[in-house]
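Trainee: Only the shape, not the letters, is given here:
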Ligand code: DSN
């Protein structure tokens, strides 16, 4: 991360980047959708590729001078298809929400019916929330989770038969159990619906072989590239070959203009990294660490939605403590732990206040946290919540979290000689 030029040209921005690096190095990152990408990915994203317009597809562009860009984008497509065992990949979506939007555009007309997971039960905004384009222009019916935090597949089937959706979406932003893609496909087939699997959160787990793959079940798979997959911020759509043209047309010219080829290069690098044996080990470690965190929290008397996690994340249920997600996420920030407030199923609080906190293990696993460290993180969280009004206790807990950060350095070569 050489920012020497930036320091001269714009010391304000350079200074803030340095502060952000220090924040990342000195805090414990538990936001379930975040991760630390490699320097190789960052070099690709910060490269001269940002200078190039490349509307269109590889070898079919609206601009000249795309020889190198074509090869890079083709590599990203090929690597995505190989990693996820899908026929076709469009690597141009700027984000996961835009990937989902393009699938909607490719398959549906305004007013068509969609069946997807409710946002407050763990679904995503772009799966049909009334405040998002997906809920404004389509007729969305939502399934949720049962009292154990699990999808009730019989209920999904009942709703599919009742509503006859054209598209069923599986995949979530806050769901801690394995998703049964086969069952979803059986339900979709029963009512003649397309199946879209949004694997944004679990893509790295799928790539690493610790979560079943949607390949062979979902005709459409969308993902982000920056969560458990550990790439740059962005999206990808994959599909069966027979839908390739439809999807490509929906992305461009339907949804987007010029693709971000520097980010696409970063995606190509991340996809290569995710195909290596070390990444399998990383994915296994994420799940192991998430389970250690969950067990530690349960042992410290905390409640978790659905109990033990089966993937990289979990939601702390604070209802019995009488404290809110909003306040406790702020308390955790005081002790050096970054997480986000999140609703729990049937939450009595508003989405801005909430009774839960979502926690994920992908980012800390990247910096090398092991199960023992995760148990210590669980202790710090539980103690911070119990002692949320005790400044002395919180100050000590901040020291404890800093100790962990020092033990597992992040981008160590950039830190100012371990000054933190
Ligand atoms: N905002 C992302 C998350 O935190 O899960 C989903 O897009």
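Mentor: Cool, got the structure. All values reported here derive from a predicted model rather than from experimental measurement. Numbers count the residues shown, from 1 in each chain.

Trainee: count of neighbours near the residue of the stretch 51-200 of the chain found nearest the ligand?
Mentor: Of all residues in the stretch 51-200 of the chain, residue 173 sits closest to the ligand, at 3.8 Å by Cβ to the nearest ligand atom. In short, each C-beta sits where N, CA and C put it, glycine included. A total of 22 residues lie near residue 173 under the criterion other Cβ atoms under 10 Å.

Trainee: mind listing what the nearest residue to it once chain neighbours are set aside touches?
Mentor: Distance criterion Cβ to Cβ, 6 or more residues apart in numbering; nearest residue to residue 173, sequence neighbours excluded, is residue 124 at 4.6 Å. With contact set as Cβ atoms under 8 Å, 6 or more residues apart in numbering, residue 124 has these partners: 96, 97, 100, 117, 171, 172, 173, 198, 200.

Trainee: ok, for the residue in the chain positioned nearest to the ligand, nearest residue in space, not its chain neighbours?
Mentor: The minimum distance from the chain to the ligand, using Cβ to the nearest ligand atom, falls at residue 33 (3.3 Å). Once flanking residues are discounted, residue 33 sits nearest to residue 227: 4.9 Å by Cβ to Cβ, 6+ apart.

Trainee: what secondary structure does that neighbour sit in?
Mentor: coil (DSSP: H, G, I helix; E, B strand; the rest coil).

Trainee: near the ligand, which residues of this protein?
Mentor: 33, 96, 124, 173 (Cβ under 6 Å from any ligand atom).

Trainee: Could you check the pLDDT of the second one?
Mentor: Here the pLDDT value assigned to residue 96 is 98.

Trainee: got it, and the third one?
Mentor: At residue 124 the predicted local confidence, pLDDT, stands at 96.

Trainee: The residue of the stretch 51-200 of the chain closest to the ligand is in contact with residue 126, isn't it?
Mentor: No: at 9.6 Å, residue 173 and residue 126 do not qualify as touching, with contact defined as Cβ atoms under 8 Å.

Trainee: Mind giving me the PyMOL select for the contacts of residue 124, buried ones only?
Mentor: Selection of buried members from those for PyMOL, criterion 16 or more other Cβ atoms under 10 Å:
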select buried, resi 96+97+100+117+171+172+173+198+200
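
Trainee: could you redo the contacts of residue 124 as JSON lines and give each row secondary structure?
Mentor: Shown next, in JSON lines, are those (three-state DSSP):
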{"residue": "96", "secondary structure": "helix"}
{"residue": "97", "secondary structure": "helix"}
{"residue": "100", "secondary structure": "helix"}
{"residue": "117", "secondary structure": "strand"}
{"residue": "171", "secondary structure": "coil"}
{"residue": "172", "secondary structure": "coil"}
{"residue": "173", "secondary structure": "coil"}
{"residue": "198", "secondary structure": "strand"}
{"residue": "200", "secondary structure": "coil"}
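
Trainee: what are the ranges of the helices in the stretch 51-200 of the chain?
Mentor: Along the stretch 51-200 of the chain, counting by DSSP state H, counting those that start in this stretch, helices occupy 67-84, 96-107, 133-137, 153-163, 181-191.

Trainee: Pull the residues that contact the second one.
Mentor: Applying Cβ under 8 Å, 6+ apart, the set of residues contacting helix 96-107 from outside is 90, 93, 114, 124-127, 132-134, 138, 166-167, 169, 194, 196, 198, 200, 220, 222-224, 235-237, 243, 246-247, 249-251, 254-256.

Trainee: low-scoring pLDDT stretches of this protein, where are they?
Mentor: The chain contains residues with pLDDT under 70 at 1, 415-420.

Trainee: Which elements pack onto the helix or strand hosting residue 379?
Mentor: Residue 379 belongs to helix 371-386 when assigned by DSSP states H and E. On a contact count with 3 or more Cβ pairs under 8 Å, 6 or more residues apart in numbering; DSSP states H and E, helix 371-386 meets helix 277-299, helix 325-334, strand 337-338, helix 362-366, helix 391-407.

Trainee: Just name the most buried of the ones you listed.
Mentor: helix 362-366 (a mean of 27; mean count of other Cβ atoms under 10 Å).

Trainee: Run a quick neighbour tally on residue 320.
Mentor: Around residue 320 there are 10 other residues, counting by other Cβ under 10 Å.

Trainee: Contacts only, for the residue of the stretch 51-200 of the chain closest to the ligand.
Mentor: Neighbouring residues of residue 173 by Cβ under 8 Å, 6+ apart: 33, 122, 123, 124, 200, 201.

Trainee: can you pull out the strands in the stretch 1-150 of the chain?
Mentor: Secondary structure of the stretch 1-150 of the chain, counting by DSSP state E, counting those that start in this stretch: strands at 28-29, 56-57, 60-61, 88-90, 113-117, 139-143.

Trainee: For residue 361, which of those strands is the nearest?
Mentor: Among those, the nearest to residue 361 by Cβ to Cβ is strand 28-29 (9.9 Å).

Trainee: any residues touching the closest one, and which ones?
Mentor: Here strand 28-29 has contacts from 36, 336, 337, 338, 363, 364, 377, 380, 401, 404, 405, using Cβ under 8 Å, 6+ apart.

Trainee: cool, stretch 267-285 as well?
Mentor: 37-38, 40-41, 44, 72-73, 75-76, 79-80, 82-83, 91, 204-205, 207-210, 225, 228-232, 234, 236, 365-366, 370.

Trainee: likewise stretch 344-359?
Mentor: Stretch 344-359 has contacts (Cβ under 8 Å, 6+ apart) with 30-32, 120-122, 144-145, 147, 149, 174, 293, 305, 313-319, 324-326, 328-329, 332, 339-343, 381.
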